[in-house]
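Participant: this one's structure only:
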């Protein structure tokens, strides 16, 4: 179900953080139609980073960034910690989350994660980087 | 007559030389419909480079490249030399033309020109660069 042929020649998918959060993520979360099906749904915990490339390919262009949606998986059913392990390794947060603004209004946050092969705490750091975007919510947990 | 709103968020116009020649220029020359009206028609000899930005704007994005179609103007009615002068200056070719290939087939050429303020041979070189694309023609002058 790739509608990418509708994008005229010469156009490349290079979204800004603001576009990813304010258009793509917001529409996805509210189940509204997205104009072009360029961002695939994957289960991040069942797929290794090196297998994402094929799944998230856009057109025939060579890519070094891949975009996808994935549901967060909780580490424990009752907890709030996120499980980001795959069969071959795990994603580990690094640095500080970055605030994403739209017209000076905070709309979301971007977390950076690195993929480690193996199991914590003995994983082996890889070159795979992921940016995880979330909408910024108010204290009541409703999207702003 | 700007249909650009039809391009979904996150897409940028970064065409390759091949796309510019093989899709946009070829369609233009044969008067076939171009999916999106992103490349404007201008009369290059009536417009200064610094006025192109406004005319050739695509969406709201900040740009440092502008795309347009323009008819070549002959210096003398009976000659083959091209006149590339404007009111404020002139475009002068620099370097060698670059061959543009599609699947190892020569489809076009790209000429690089620099804008000089004033009149030849006393013009003052500016930072404005233009790439002029043409289809490659065979000896009989018909587009290949």
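Facilitator: Thanks, I have the structure now. Bear in mind the structure is a predicted one, so any value in this text is a computation, not a measurement.
Participant: residues from chain A in reach of chain B?
Facilitator: Chain A comes close to chain B at residues A:7-16, A:19-20, A:23-24, A:34-36, A:38, as judged by C-beta under 8 Å from any C-beta of the partner chain. (Glycine included, C-beta is placed from N, CA and C.)
Participant: Pull out the buried members of the residues you listed.
Facilitator: A:7-13, A:15, A:19-20, A:23-24, A:35-36, A:38 (16 or more other C-beta atoms under 10 Å in any protein chain shown).
Participant: Of the residues you listed, which belong to helices?
Facilitator: residue A:19 (DSSP state H).
Participant: ok, of the buried ones among the residues of chain A next to chain B, which one's closest to residue B:128?
Facilitator: residue A:10 (22.0 Å; C-beta to C-beta).
Participant: Now that the closest one has come up, it's in contact with residue B:15, right?
Facilitator: Yes. Counting by C-beta atoms under 8 Å, residue A:10 touches residue B:15, with 3.1 Å between them.
Participant: who touches both of those two?
Facilitator: B:23-24 (C-beta atoms under 8 Å, 6 or more residues apart in numbering or on different chains).
Participant: low pLDDT regions in chain A?
Facilitator: The model of chain A has pLDDT under 70 over residues A:1-6, A:74-76, A:80-82, A:137-144.
Participant: Show me where it has its helices.
Facilitator: For chain A, the helices defined by DSSP H cover A:17-19, A:26-29, A:49-55.
Participant: Residue A:87: which of the ones you listed is closest?
Facilitator: Minimum separation from residue A:87 across those (C-beta to C-beta) falls at helix A:49-55, 10.5 Å.
Participant: so which two of the buried ones among the residues of chain A next to chain B are the farthest from each other?
Facilitator: Between any two of these, the greatest separation by C-beta to C-beta is 23.5 Å, found for A:9 and A:20.
Participant: Among the buried ones among the residues of chain A next to chain B, name the ones in strands.
Facilitator: If you go by DSSP state E, these have A:11-13 in strands.
Participant: Out of the buried ones among the residues of chain A next to chain B, which is nearest to residue A:131?
Facilitator: For these, the nearest to residue A:131 is residue A:20 (8.5 Å; C-beta to C-beta).
Participant: nearest residue to that closest one other than its sequence neighbours?
Facilitator: Computed as C-beta to C-beta, 6 or more residues apart in numbering or on different chains, the closest residue to residue A:20 that is not its neighbour in sequence is residue A:133, at 5.5 Å.
Participant: so who does that neighbour touch?
Facilitator: Residue A:133 neighbours (C-beta under 8 Å, 6+ apart): A:17, A:20-21, A:25, A:100, A:108-111.
Participant: what would the ones in strands among the buried ones among the residues of chain A next to chain B look like in a markdown table with distance to residue B:44?
Facilitator: As requested, these are exported to a markdown table (distance: C-beta to C-beta, whole Å):
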| residue | distance to residue B:44 |
| --- | --- |
| A:11 | 25 |
| A:12 | 26 |
| A:13 | 31 |
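Participant: correct me, but residue A:115 touches residue A:93?
Facilitator: No. Residue A:115 is beyond contact range of residue A:93, at 11.5 Å (criterion: C-beta under 8 Å).
Participant: Compare those two (neighbour count), which wins?
Facilitator: residue A:115 (22 against 14; other C-beta atoms under 10 Å in any protein chain shown).
Participant: List the contacts of the more buried one.
Facilitator: Here residue A:115 is in contact with A:49, A:89-92, A:126, A:128-130 (C-beta under 8 Å, 6+ apart).
Participant: and if we set it to 6 Å?
Facilitator: Residue A:115 makes contacts with A:49, A:89, A:91, A:126, A:128, as judged by C-beta atoms under 6 Å, 6 or more residues apart in numbering or on different chains.
Participant: now do residue A:25
Facilitator: Counted by C-beta under 6 Å, 6+ apart, residue A:25 has contacts residue A:133.
Participant: how about a cut-off of 10 Å?
Facilitator: A:19, A:39, A:69, A:100, A:107-108, A:133-135, A:143 (C-beta atoms under 10 Å, 6 or more residues apart in numbering or on different chains).
Participant: Now a ChimeraX select for only the buried ones of those.
Facilitator: To isolate the buried members of the contacts of residue A:25 in ChimeraX, using 16+ other C-beta under 10 Å:
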select /A:19,39,100,107,108,133,134,135
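Participant: Many thanks, have a good one.
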